[in-house]
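Asker: Give me a 3D structure for the following:
(one chain, ligands or ions: 2)
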Amino acid sequence: MTASEPNAALTPIVGTLHALQVPIPYPMKTVTVLLDRPEDGPVTMIDTALDTPEAQAAITAGLKALGLGWGDVERAIITHHHPDHYGLAGVVEERGGADVQMLDVEIGRGERYWHLWEEWLPGHLKHMRDHGLPAESLEGMGADNRRGRDRVQPAQHVTPLREGQTATLAGRDWEVLWLPGHADGHLGLWNAEDSLLIAGDAILPRISPNIGLYAYTRPDPLGDYLQTLGKLEALNPAQAVVGHHGPVMSGVQARARELRGHHHERLDFIKAEAGREPRSAYDLSLAMFNRDLNVSGRRFALAETLAHAEHLRLLGQLYRTWQEEEGRWIYHA
Ligand SMILES: [Zn+2]
Ligand SMILES: [Zn+2]
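Answerer: Numbering: from 1, shown residues only. Ligands and ions are numbered 1, 2, ... in the order given. Below is the predicted model:
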């Protein structure tokens, strides 16, 4: 098989590193999986896509185009725990004994989430209920979560990477970065010599990475993300390999500024809405995402609105009260 065949659309990135666009059943349509077959050093996969037959077939074709099979992958570095990036981690581990690696921060919450899924689900749903999700939506939300869980094969063992550590890839040294916000322990890999960043979903060209507050996340994901945008702006990479709508984007610094402006607008909007009429985060999310959304879309909208409301609360610009009869938190300006 050659790289010109449709299912093995490999984009050369740098040296022996290639990007593969793998299909996912989400609006973004594809996720970027990176494959490295270096002269010297471990055969590496960065991000693994979701466990679907289509994704497995695309990865098989990509590996084959490089003269490899699943069993040859010695290391899998995962940018963050979301199902479209982590889903096949357990499969890569099982087929070739690949060493699965993630940032230490991500192992404790995000990665653990998949292992403790059954135990954590009630807390996850209660958190959304406490923030105003209507009782009649809970069952659908639980079922939707289960569909996501079914496409994830967790790894048995994950090796922690730490911020500031060096990883070798494509015959080059890369610095491990911590880029929290979209996920608590989102990892980036930075190659200063080529001014190239492997960014995952920390920054995306066409959509704003979802910044959501869930039951198991750090308390202020938006605060984390605004700091990440500052880091990216200062780093000013010439190019970034991104999780969706890529594989490569330029103009990271300008995009980071644009995303900061976008979040500031949303903060202003929520503060004004809560000032006009005190409401739950769910009711605020209906005002902020005033359109038809499916059940996953509504969950993202609630989590994103909540991340903004809690950021404002931690700044002292909103406060919340517990409404006993309805059993939910109400935000006031
Ligand atoms: Zn993600
Ligand atoms: Zn993603």
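
Asker: For ligand 1, give me its nearest residue in the stretch 101-250 of the chain.
Answerer: residue 201 (3.8 Å; C-beta to the ion). Placement of C-beta: from N, CA and C, glycine included.

Asker: Can you tell me the closest non-neighbouring residue to that residue?
Answerer: residue 243 (4.3 Å; C-beta to C-beta, 6 or more residues apart in numbering).

Asker: could you measure the one you found against residue 250, distance?
Answerer: 16 Å (C-beta to C-beta, to the nearest Å).

Asker: neighbour-wise, which of those two wins?
Answerer: residue 243 (26 against 12; other C-beta atoms under 10 Å).

Asker: What is the three-state secondary structure of residue 111?
Answerer: Secondary structure assignment for residue 111 (DSSP: H, G, I helix; E, B strand; the rest coil): helix.

Asker: what about it, how many neighbours?
Answerer: Residues near residue 111, counting by other C-beta under 10 Å: 24.

Asker: Please apply the same query to residue 275.
Answerer: Neighbour tally, residue 275, other C-beta under 10 Å: 13.

Asker: got it, and the one 3 residues further on?
Answerer: A count of neighbours around residue 278, defined by other C-beta under 10 Å, yields 18.

Asker: List the contacts of the residue nearest to residue 201.
Answerer: By C-beta atoms under 8 Å, 6 or more residues apart in numbering, residue 243 lies in contact with 31, 32, 47, 79, 84, 85, 199, 200, 201, 204.

Asker: Please list the members of those residues that lie in strands.
Answerer: 31, 32, 199, 200 (DSSP state E).

Asker: Mind jotting down where the helices sit in the stretch 151-300 of the chain?
Answerer: Along the stretch 151-300 of the chain, counting by DSSP state H, counting those that start in this stretch, helices occupy 221-235, 252-276, 281-288, 295-314.

Asker: Let's have those helices in JSON lines, adding mean pLDDT and distance to ligand 2.
Answerer: Converted to JSON lines, the helices of the stretch 151-300 of the chain look like this (pLDDT from 0 to 100; distance: least, C-beta to the ion, whole Å):
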{"stretch": "helix 221-235", "mean pLDDT": "98", "distance to ligand 2": "15"}
{"stretch": "helix 252-276", "mean pLDDT": "98", "distance to ligand 2": "15"}
{"stretch": "helix 281-288", "mean pLDDT": "97", "distance to ligand 2": "21"}
{"stretch": "helix 295-314", "mean pLDDT": "95", "distance to ligand 2": "12"}
